[in-house]
Every structure is written in C-alpha cells, then in structure tokens.
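Asks: Model the following, please.
(2 chains)
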Amino acid sequence: MSVRVRFAPSPTGYLHVGGLRTALYNYLFAKHHGGKCILRIEDTDRTRLVENATEMLIDSLSWAGINFDEGPVQGGDCGPYIQSQRFDLYREYCNKLIDSGAAYYAFDNAEEIDAMRDRLQKAGLNPKYDRTTMKNHYTLGEEETKKLLAENVPHVVRLKVPMEEDIRFTDIIRGDVSINGREVDDQVLLKSDGFPTYHLANVIDDYSMKITHVIRGEEWLTSTPKHVLLYDAFGWERPQFAHLPLLLNKDKSKLSKRQGDVAVEDYRAKGYFKDTIVNFVALLGWNPTADREIYTLDELISSFSLEKVNKGGAVFDIQKLEWMNAQYLKALDPDYLAQEFMPMLEEAGINGISNEYAAKCITLFKERLHFLSELIPNARFLFENPTEFEEAYLEKHWKENTMDIVMPLVNILKNEEDYSHQNLHDKTKEYVESAGLKLKDVIHPLRLMITGRSVGAGMFETMEIVGREKCIQRYDYFIEKYGK
RNA sequence: GGCGCAUUUGUCUAGUGGUUAGGACGCGGCCCUCUCAAGGCUGAAGCACGGGUUCAACUCCCGUAUGUGCUACCA
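Replies: Reported below is the predicted structural model:
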C-alpha cells in the first residue's frame, strides 16, 4: 500500500516552527517513499477562528518549499480538506458509535462538569468524567435519553472508555506504549454545537483520507489511546503512529512565544533563507549521519527515515541557526541573493542600484555577514559616498605624518585609469616599497577615506567595485575635510 | 498530584555489548592576513545516579533523580 501522510494544523494565525518541522517530516517521509502528502485544516474549534489563518499557513508552508499533493488549494479525491466543511460526516459516523455502544449521550452542563471535577479533585481522585453518577444514557436510561433528545436538550456524545484495561499501541519512534483505561477520560466526541472534537474528526478523516502514517507532535501521545479505541470501535485498521519529540526553549520547556520567535514568518522577516530554516529544523530531532550539517531538500528526502528520529526534545539554538544562515549566504548564487537584496535597498532609501552591482557587493561582503540585511548597515559606502568617518579611529591612529604618507599615493591613484584590484594593488605596492613603508601603513588610512570605516572587505577589491570616479570624489572630500 | 514520555559535553547530535566516545554550533589558543570576517589547525567540555544481567556495559533490565507532555464541549 502506498504511503499517505498528512499535516493537520489548526488555523491559529501563523505557522509555528514546530509545526513546520512536523510538516517537513511528513513531507520528507512521503517523498522518500514515493507517497502522498496531504494538507488538512483542523478548524473544528469555532471559538478560536482566526481570519485568513489558513492562507497564512499555506503561504508559510509554500515559502519553505513544502508542497502538498492534496489539500484545500489543490483539491483531491478525499476532499474537502477543511474539517468544518465535512460537518455531516462526523455526525453520521458518531451515530454508528452510539448504535454499537462505543459512545453515549451525555446531558451535563458546564457547571455540573466543573462541580464534578472539583469533587473528584478534593477527594484526591483523577478528575475524569464519572459515567456512573452524571447525566447520561447510563444513569438516565433509554427512555429518558430518547425523551431529552426529542426535546432538543443540549447534549454531547462521549467515548465509552473501558474501565480497567490496558490500551496498547505501537509507535514507530517510541516502541510499545501502554496506558490503562482508568487514566483515559470519556472524551467528548461531538460537542453540543454539533462539531466534532479533534479526536473524533482526526480519526474519521485519517481513515477516510486513507492515511497510512500519523506523524505528529509528542503532545498527542497521551491521547492516542482514545484514537486507538475509535479505530477499533469502527473496525478500522489503525494507521502507524510516530510521535515526534518536542522543540524546546532554552530552558527546555515546550517552544513558546513568550521566550522568542516561534512563527516561521518571524524568521523569514529576520532574513533567514528558507533553505536555512528547512535544513536547520530538519536536523532538530533527526540526523542521517552527523558528519555534516548542510543538506539540500533532495538529500533530506533521500536519507530520511522515521526510525532514526530521536525520542528526546531538542532545544532550538538560535546561534547555530545564525551560523547556518551564514553558510547559506556564502554558498547561495549571487544573482539570487541580489534579487532578495533589492527590496532592502529600497527600504533603506537607496535607489538606482543595478542587480549586477548588488551582486558584486554581496560577493565582496558575504563571508563577513550572517544576513543579507546586514550588508547596508555594514557597507553603506558601497552605495553612497561616506560623509562620516570613524572618530575613534581618527583619534587613535591618524598621526601627524599620516597625510604625508598617504598623499603621494593618492596622487598616484588619482592618475590611474585602471581600477582593477590587481592594478591598484601593484601600484600601491610600488609606492610603498619606494617609500620604505609597509602595505598596511597606507591601507588603513585609505580605507578610512574610501569607506569611512576602519573595518571591511579587501581594500583593493572594494575600490574596484566603488570605481575610479567615486574613489576620486572620496579622496577629495576627505582631504577637504581633514587635510591641509 | 496522577499518568505518559524522555535523559551522550552549555546546545544540536553520531553511536546500537568490547571505540583513545566521533562531528557541528558556541567558547579559548595558534596559523593565515591590509582591518574585520571567512578558512585551516588545535584546546577545554559529555554517556544523570544507584543497582543488576554479562568475561565485558554509554549501549540490555529494574529502580531513583531530573526534565517535559497530557490531564477541556482546544488543537
């Protein structure tokens, strides 16, 4: 049977990086096995609807390069792929559960449930639904239940969980897992608004969408017994389960908004490349060999296996993420980078820069940046003549005789037509040798004149890119300002 | 609290009964060098603890500790 997996987020307004990893692992697994990866939107909680959330989710996912074979946008044979549009299906299946005795009607209101939980908690007992004392099919009887239903009294449908029986299932990542029925609540399956809860909808949809492997976060592990009970009650074959370890904050708690950025969109906005994010997140909790760090999507696909996924949670280490982005910055094609860079120029109010020129600047500077966005703050002089010069450097290194040393060179360079870095280097070297100086004696003052700064990329390469005309403007400006 | 799940350097990890416990980020040093980076070399840093099983345990079993998740008519 061919592999079918799904990513089933609820539309909360953004894509969590943990969600991205879940989606990615589903995608990698599907592609590795030549199967299908499906997107399903789990919007059964009508109280938490967020405008445009689904669009944002899909946008982030497709930015990251995760494309689905079936889903709300592309459709498919098992649609619709949005749970709120599958409303009738759930009621229908739920009735089968009631007929077979696997589920039952309950009529308690919120206050009654709260009171029950209080009572149980105070008695030191597990605060789960007490089937034997509350208002439900078992305590009310057949007649009364029918009557209340006929009167349209608000009600829910609950799963009848066996009282004292181990519920077992096998997880690909964790092996055999067993939880006793006494720990499992009689979960609400159908809410009083007629919508299913996650647990019911999830099982029915996974079955009707022919999902073979359920790959999801570890937070679902303890509710898997409920799902297993449902598959069994319906007489359906259970899918294989794989519960992924959590992504953690620095303090090891579940990665959350309060301790930093969690939305994929945040990282995108900060200037991380999609390749970085995908590569990094893929290696959190899984590693093919650990002898290297950089993998293309295709390489991830070909080496992925669920068996190699770790069991323990992984801290999301921003420092390593930054390092990885720098790796991509160095490796990515300059023309592609130039395209990404153009909007940043615009935002900085710098106009009239060609893609070609931008690409040259990026090539010059990329190995000393972590983000493309750092180029302008670090090297604005590539786009505009500097008018400010580092005061600290001037005070510390600009000596009485510095101008005397540099002026002859400036005069030589002003008369040079050839501003290739090689020629600039040769001419400077000639001068330096004839004057009994070292290259570094003139390079730093030169750097200050041309860039206004004391640090930067190779000086002659920089001058070549800035060009003869602008270099001359800058010598003159500097001499006017500081020389005499 | 109960139950589940986990535990290799600060962090991400390789490891699958016998290894000098390997790699990467970060940190320190050295080299390279026109500065800053990048790069190369290198150093410090780890199998949570206690019992077993075994000729032999990081690897298997059992406890303990610690962490974490769940415990909703949320997903």
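Asks: Residue A:121 contacts residue A:127, doesn't it?
Replies: Yes - between residue A:121 and residue A:127 there is a contact under CB atoms under 8 Å: 4.9 Å. In short, each C-beta sits where N, CA and C put it, glycine included.
Asks: Please identify the helix or strand for residue A:376.
Replies: Secondary structure from DSSP states H and E places residue A:376 in helix A:375-379.
Asks: Give me the mean pLDDT for that helix.
Replies: Mean pLDDT, computed over helix A:375-379, is 95.
Asks: for stretch A:264-281, same thing?
Replies: 96.
Asks: Briefly note if it comes near RNA strand B.
Replies: No - Stretch A:264-281 stays clear of RNA strand B (CB under 7 Å from any atom of the strand), getting no nearer than 8.2 Å.
Asks: what about residue A:121 and residue A:127, which has more around it?
Replies: Neighbour totals were compared for residue A:121 and residue A:127, and residue A:127 leads with 16 against 11 (other CB atoms under 10 Å).
Asks: Write out the residues of the stretch 1-150 of chain A neighbouring RNA strand B.
Replies: Taking CB under 7 Å from any atom of the strand as the contact definition, the stretch 1-150 of chain A meets RNA strand B at A:8-10, A:42, A:44-45, A:47-48, A:108-110, A:113, A:117, A:124, A:126-129.
Asks: Those residues in helices, which ones?
Replies: Using DSSP state H, the subset of these located in helices is A:110, A:113, A:117.
Asks: Present those residues as a markdown table; the columns should include neighbour count, distance to residue A:328 and pLDDT.
Replies: Formatted as a markdown table, those follow (neighbours: other CB atoms under 10 Å; distance: CB to CB, whole Å; pLDDT from 0 to 100):
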| residue | neighbour count | distance to residue A:328 | pLDDT |
| --- | --- | --- | --- |
| A:110 | 8 | 51 | 92 |
| A:113 | 17 | 52 | 94 |
| A:117 | 16 | 51 | 93 |
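Asks: any chance of these in CSV, with distance to residue A:360 too?
Replies: Formatted as CSV, those follow (distance: CB to CB, whole Å):
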residue, distance to residue A:360
A:110, 66
A:113, 68
A:117, 67
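Asks: CA atoms only for stretch A:164-173, dumped as CSV, please.
Replies: Written as CSV, here are the backbone C-alpha positions of stretch A:164-173 (Å, rounded to 0.1, in the frame of the first residue of the first chain):
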residue,chain,number,x,y,z
GLU,A,164,-9.6,-1.3,33.8
GLU,A,165,-7.9,-2.3,30.6
ASP,A,166,-4.5,-1.5,29.2
ILE,A,167,-4.8,0.2,25.9
ARG,A,168,-1.8,-0.6,23.8
PHE,A,169,-0.3,0.7,20.6
THR,A,170,3.0,0.8,18.8
ASP,A,171,4.8,4.0,18.0
ILE,A,172,7.5,3.9,15.3
ILE,A,173,9.7,6.2,17.3
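Asks: Okay, buried residues for that stretch please.
Replies: A:167, A:169, A:171, A:172, A:173 (16 or more other CB atoms under 10 Å).
Asks: Can you classify residue A:428 as helix, strand or coil?
Replies: At residue A:428, secondary structure determined by DSSP: H, G, I helix; E, B strand; the rest coil is helix.
Asks: burial measure for it, as a count.
Replies: 22.
Asks: Next, the contact list for the residue most central in space within chain A, please.
Replies: The structure's chain A has its C-alpha centroid closest to residue A:17; by CA atoms, centre = their mean the separation is 3.2 Å. By CB atoms under 8 Å, 6 or more residues apart in numbering, the residues touching residue A:17 are A:247, A:255, A:262, A:263, A:264, A:267, A:277, A:281, A:316.
Asks: Could you report the separation of it from residue A:173?
Replies: Using CB to CB, to the nearest Å, residue A:17 is found at 19 Å from residue A:173.
Asks: what about residue A:469, helix or strand, and which?
Replies: Going by DSSP H and E, residue A:469 is in helix A:468-482.
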